[in-house]
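Visitor: Need the 3D shape of this:
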Amino acid sequence: MKLQTLSITAVERETGLSKETLRVWERRYGFPAPVRDSLGERAYSLPQIEKLRVVKRLMDAGHRPGRLVPMSVDELLRLGEQSGDARRAQDGPGSGAELQSLLELLRGHEVGQLRAELRQALVRLGLGAFVTELMAPLNAMVGEAWMRGQLEIFQEHLYTETAQAVLRAGMHSLPEALAQQRPRVLLSTLSGEPHGLGLLMAEALIAAEGAQCFSLGTQTPVWDLVLAAQALRADVVALSFTSCMNPNKVVEALAELRAKLAPTIELWVGGSAPVLQRRPSPGVTAMTSLIELPDALRQWRRAHP
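Guide: Next comes the predicted model:
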């Protein structure tokens, strides 16, 4: 029976790992180990793709690829369970049951009920606490379930779309920011970073603090960010990252953006990409958690009375 395989372009799309990353890992770690198709192009087996998905999830949780890639799938899944247990131990009392209930609604494809439950939680908690106390740990739980094979990709996409709809509705219910309210925050991701849920969560948290937000969505080139910051008179440019981008490219792009932005404009970056933990560039404020945003806004306002 012919081995079922996918091309490197399809693997990039399915896993979120770039072609460059796949080739580097092949040279450095001997995994993945593609065969060659009739045209001499790389072709990846389904078991390799499943392992790559698990590795990608653990990278998003902050683990280093050099540790992950040599591990077996069983070892990776155990590591994911340990990471999940550690995160849940930090949750507030009683939060685990609510998160599990929401996850079961997603598993059962009860999208309408999931949306209703999230809306009720938004009303109960308020937008800021909804983002930090419910959405952040729920995102992690959904990611872990997908990593363990308990959710399909389409279910994760359903969750993302539902969560984004609830967040946008929550932001629309906020009082309109006055023209003089500051800081004026421009939000986006860099080219090559397609994930937008973390960006929307940051926008919601900033908006809940009364700042003005201008979102460009995902994948904005550096020069367009500079032009937008000038046109919108931004005080802060805020970028969101996952680990799907090459770390060296992240560092280079941030250095370029910092050099081109006016010195008075602050550059804030956040997300799950491990490179952010290494202070990627002078003049860049790196945040590893959304809960740091309100304090950053307060510090900005104290410095700009």
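Visitor: Can I get the helix or strand where Lys51 lies in PDB, CA atoms only?
Guide: Using DSSP states H and E, Lys51 sits in helix 46-60. This file holds the C-alpha atoms of helix 46-60, laid out as PDB (Å, rounded to 0.1, in the frame of the first residue of the first chain):
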ATOM      1  CA  LEU A  46       1.300  11.500   8.500                       C
ATOM      2  CA  PRO A  47       2.900  10.200  11.700                       C
ATOM      3  CA  GLN A  48       5.700  12.800  11.300                       C
ATOM      4  CA  ILE A  49       3.100  15.500  10.700                       C
ATOM      5  CA  GLU A  50       1.200  14.500  13.900                       C
ATOM      6  CA  LYS A  51       4.500  14.800  15.900                       C
ATOM      7  CA  LEU A  52       5.200  18.200  14.300                       C
ATOM      8  CA  ARG A  53       1.800  19.400  15.500                       C
ATOM      9  CA  VAL A  54       2.500  18.300  19.100                       C
ATOM     10  CA  VAL A  55       6.000  20.000  19.000                       C
ATOM     11  CA  LYS A  56       4.500  23.200  17.700                       C
ATOM     12  CA  ARG A  57       1.900  23.300  20.500                       C
ATOM     13  CA  LEU A  58       4.600  22.800  23.200                       C
ATOM     14  CA  MET A  59       6.800  25.500  21.500                       C
ATOM     15  CA  ASP A  60       3.800  27.800  21.800                       C
END
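Visitor: where does Pro34 land on pLDDT?
Guide: In the prediction, the pLDDT value recorded for Pro34 is 91.
Visitor: count of neighbours near it?
Guide: As a burial measure, the neighbour count of Pro34 was computed by other C-beta atoms under 10 Å and equals 20. For glycine as for every other residue, the C-beta is placed from the backbone atoms N, C-alpha and C.
Visitor: Check whether it really touches Ile8, as I assumed.
Guide: Yes - when contacts are counted by C-beta atoms under 8 Å, Pro34 is listed as touching Ile8 (7.3 Å).
Visitor: Need the residues touching each of these two.
Guide: Shared contacts of Pro34 and Ile8, defined by C-beta atoms under 8 Å, 6 or more residues apart in numbering, are found at 42, 44.
Visitor: how far away is Arg78 from Met141?
Guide: The span separating Arg78 from Met141 equals 17 Å under the rule C-beta to C-beta, to the nearest Å.
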